[in-house]
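Participant: when you get a sec, could you give me coordinates for this:
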Amino acid sequence: MNLPLVIGALIVSLLLLWWLLSVIKASFKTAFLVVAVIFAIQVLTGVGPQQIFAQVGQWMGNSMGGLGKWLQNWGDKGKVDPDAKKQAALWMFEVITNLMDS
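Facilitator: Down below sits the predicted model:
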């Protein structure tokens, strides 16, 4: 075998492995961050994941069409919870995103 070719292939393989591990590490960090945020919102305000995903789906429905509708229906089928805390939190998220879009 040609030694420079083997060394080059080994270097490329190690670089690809390092890149793959970096992507996996970033994915896990992001997933844990999302879980922590949803858990904190649920504990502090009583808003569950279904309501959060329904609201995100509603926002995405305005910009992305079918995907937003699917996410909105994924949670609790768009039911409105009469709890004032939950409605206030959802209203706050809507106001913040509207301000960010402006």
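Participant: centre of the chain to stretch 31-40, how far?
Facilitator: In terms of CA atoms, centre = their mean, to the nearest Å, the centre of stretch 31-40 is found 9 Å from the chain centre.
Participant: name the surrounding residues that touch it.
Facilitator: Here stretch 31-40 makes contact (CB atoms under 8 Å, 6 or more residues apart in numbering) with 49, 52. Where C-beta positions appear, they are placed from N, C-alpha and C, glycine not excepted.
Participant: now for the protein, the helix or strand with the poorest mean pLDDT.
Facilitator: Taking all helices and strands of the chain together, the one with the lowest average confidence (mean pLDDT, DSSP states H and E) is helix 66-74, at a mean of 61.
Participant: for this protein, longest helix please?
Facilitator: Taking DSSP state H as the criterion, the chain has its longest helix at helix 3-45.
Participant: sorry, back to before: could you point out which element follows the least confident helix or strand of the chain?
Facilitator: For helix 66-74, the following helix or strand on the C-terminal side (DSSP states H and E) is helix 84-101.
Participant: list the buried residues of that next one.
Facilitator: Buried positions in helix 84-101, judged by neighbour count with 16 or more other CB atoms under 10 Å: 86, 89-90, 93.
Participant: what's the farthest-apart pair in these?
Facilitator: Using CB to CB, those reach their maximum pairwise distance at Lys86 and Phe93, which is 10.9 Å.
Participant: wouldn't Thr45 be in contact with Lys86 here?
Facilitator: Yes - if you go by CB atoms under 8 Å, Thr45 and Lys86 touch, sitting 6.7 Å apart.
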